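Chemist: Sequence and computational prediction follow.
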Amino acid sequence: MSMRALHDGRDDGLVPLKSLDLGKVNSFSDLLLSMRETAFGGRQLGDAYDILLQMAKDPDCKVVMTISGAMTVAKQGYIVCELIDRGIVDAVIATGALIAHGLTESIGLAHYRYSPDHSDEDLFEKGYNRIYDTLEMESNLNEVAQLMARVLENTTPESGYWSSGELCKALGAELSRLNVGPGILRSAYEKDVPVFIPAFTDSEIGLDMATWAINNQLAQQEKSRDSLNSEEVFSAPPPFNPFQDLLQYTRFVQDAKKVGILTIGGGVPRNWAQQVGPFVDITNHRTETALKAPRFQYGVRICPEPVHWGGLSGCTYSEGVSWGKFVPPNEGGRYAEVYADATVVFPLLAKAVFESLEK
């Protein structure tokens, strides 16, 4: 019978864990650095801090932030603004709903805490749209629609067609002029950071553009509006071309020496941002070009979605390597994945990075 050789982990290059001593923690950055030496989700968050800080300090790295979920209704929007204002984030890709809800805050309107004393039927009758434990007023969205219509009427897109990137820039310019309060689009406009909404029609902001175009179409016909059928009402698409977003974003990434990605949630924003490498790969293959295909060097994502459902939101960065989206870790790629509610850990992560950058 052979004898087992009982090793000490240090002799094999293993890293010893350390108990979290809160008595030695004096800042958010101290806390997350200490959490790196613990385990489970705490270590993941500590690793995310270390990698996001490296991204922020790397002068050759452009950082793409993708956001999904109701993060602006959940009052996390100012954190995104600060990431933009500090020059940490160089491009934003979001859902249209998140941008629309953020616009209500940017023009001085409020969201509310949901009270379970009110039924959803009661909320509908009173014009309160429920998002889990928060409320967005329908009247807020009507004011956003008015802002949208004003911008669409007074702005001519450079190419003759709108894209989400051009629209977000025009809205940001209007918010900057109004100067009511902070907002993602305002910060992005003032810092020349592009914002894209890849699933544009799947949101209030897309519906706002559609109803603006319908209204313009109906203004040119003589029949009574209440006599029109669906064929007559829903027949004039707005001048919008989503491929302008795809091409603008691809050029943006191609111009960078390195790219990193910070993802809150998953969904379309995450996939749309990450597909840029495969897009250049297949462009080269199918059109005989010889462009350098970009790969993300750094990645940090906060998302509670597990991998085993097979969806993009939960897939790992390792899986993304197989698609040609990310630099493999053995070639210098650095990634951290935090399985948590972003409203709990995103503020801690951002605050710790801000602190460290100020030292």
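Modeler: Done, it's in.

Chemist: Can you verify residue 186 is assigned to a helix?
Modeler: Yes: the assignment for residue 186 is a helix, going by DSSP: H, G, I helix; E, B strand; the rest coil.

Chemist: Relative to residue 78, how far out is it?
Modeler: Distance from residue 186 to residue 78, counting by Cβ to Cβ, to the nearest Å: 11 Å. (Glycine included, C-beta is placed from N, CA and C.)

Chemist: what about those two, which has more around it?
Modeler: Neighbours per residue (other Cβ atoms under 10 Å) separate residue 186 from residue 78, with residue 186 holding more: 26 against 19.

Chemist: List the residues that contact the more buried one.
Modeler: Applying Cβ atoms under 8 Å, 6 or more residues apart in numbering to residue 186 gives the contacts 81, 106, 172, 175, 176.

Chemist: Dump the residues you listed into a markdown table; add distance to residue 15 and neighbour count as well.
Modeler: Converted to a markdown table, those look like this (distance: Cβ to Cβ, whole Å; neighbours: other Cβ atoms under 10 Å):
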| residue | distance to residue 15 | neighbour count |
| --- | --- | --- |
| 81 | 36 | 22 |
| 106 | 45 | 27 |
| 172 | 45 | 24 |
| 175 | 47 | 26 |
| 176 | 48 | 15 |
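
Chemist: Would you map the helices across the stretch 151-300 of the chain?
Modeler: Taking DSSP state H, counting those that start in this stretch as the test, the helices found in the stretch 151-300 of the chain are 164-178, 184-190, 204-218, 230-233, 243-254, 267-274, 276-287.

Chemist: Any idea which of the ones you listed gets closest to residue 128?
Modeler: Of all the helices of the stretch 151-300 of the chain, it is helix 204-218 that lies closest to residue 128, at 14.8 Å by Cβ to Cβ.

Chemist: where's that closest one relative to the chain centroid, distance-wise?
Modeler: Helix 204-218 has its C-alpha centroid displaced from the chain centroid by 25 Å (Cα atoms, centre = their mean, to the nearest Å).

Chemist: what about that helix, average pLDDT?
Modeler: The predicted model gives helix 204-218 an average pLDDT of 95.

Chemist: Using CSV, list the CA coordinates for it.
Modeler: Provided in CSV are the C-alpha atoms of helix 204-218 (Å, rounded to 0.1, in the frame of the first residue of the first chain):
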residue,chain,number,x,y,z
GLU,A,204,-41.0,52.9,-24.4
ILE,A,205,-38.4,55.0,-26.2
GLY,A,206,-38.9,52.9,-29.4
LEU,A,207,-42.7,53.3,-29.1
ASP,A,208,-42.3,57.0,-28.6
MET,A,209,-40.5,57.2,-32.0
ALA,A,210,-43.2,55.0,-33.6
THR,A,211,-46.1,57.2,-32.3
TRP,A,212,-44.2,60.3,-33.4
ALA,A,213,-43.9,59.0,-36.9
ILE,A,214,-47.6,57.8,-36.9
ASN,A,215,-48.8,61.2,-35.8
ASN,A,216,-46.8,62.9,-38.6
GLN,A,217,-48.3,60.5,-41.1
LEU,A,218,-51.9,61.0,-39.9
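
Chemist: With respect to burial, which of the helices of the stretch 151-300 of the chain scores highest?
Modeler: Among these, ranked by average contacts under mean count of other Cβ atoms under 10 Å, first place goes to helix 184-190 (a mean of 25).

Chemist: residues contacting the most centrally placed residue in the chain?
Modeler: The structure's the chain has its C-alpha centroid closest to residue 67; by Cα atoms, centre = their mean the separation is 2.1 Å. Applying Cβ under 8 Å, 6+ apart to residue 67 gives the contacts 80, 92, 93, 94, 95, 98, 263, 264, 265, 269.

Chemist: residue contacts, the fifth one?
Modeler: Put plainly, it is residue 95. Counting by Cβ under 8 Å, 6+ apart, residue 95 makes contact with 67, 68, 69, 197, 199, 202, 203, 267, 268, 269.

Chemist: could these be laid out in CSV, adding distance to residue 341?
Modeler: Below are the contacts of residue 95 laid out as CSV (distance: Cβ to Cβ, whole Å):
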residue, distance to residue 341
67, 14
68, 14
69, 10
197, 24
199, 23
202, 23
203, 22
267, 16
268, 20
269, 18
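
Chemist: and those residues, which of them are in strands?
Modeler: residue 67 (DSSP state E).

Chemist: what number of residues lie near the closest residue to residue 267 other than its chain neighbours?
Modeler: Once flanking residues are discounted, residue 267 sits nearest to residue 68: 4.0 Å by Cβ to Cβ, 6 or more residues apart in numbering. Residue 68: 22 surrounding residues under other Cβ under 10 Å.

Chemist: phi, psi of residue 68?
Modeler: Residue 68 adopts backbone torsions of phi -140, psi 170, taken as degrees, to the nearest 10.

Chemist: separation between it and residue 300?
Modeler: Per Cβ to Cβ, residue 68 is found 15 Å from residue 300.

Chemist: go on, residue 263?
Modeler: Noted for residue 263: a distance of 7 Å to residue 300, by Cβ to Cβ.
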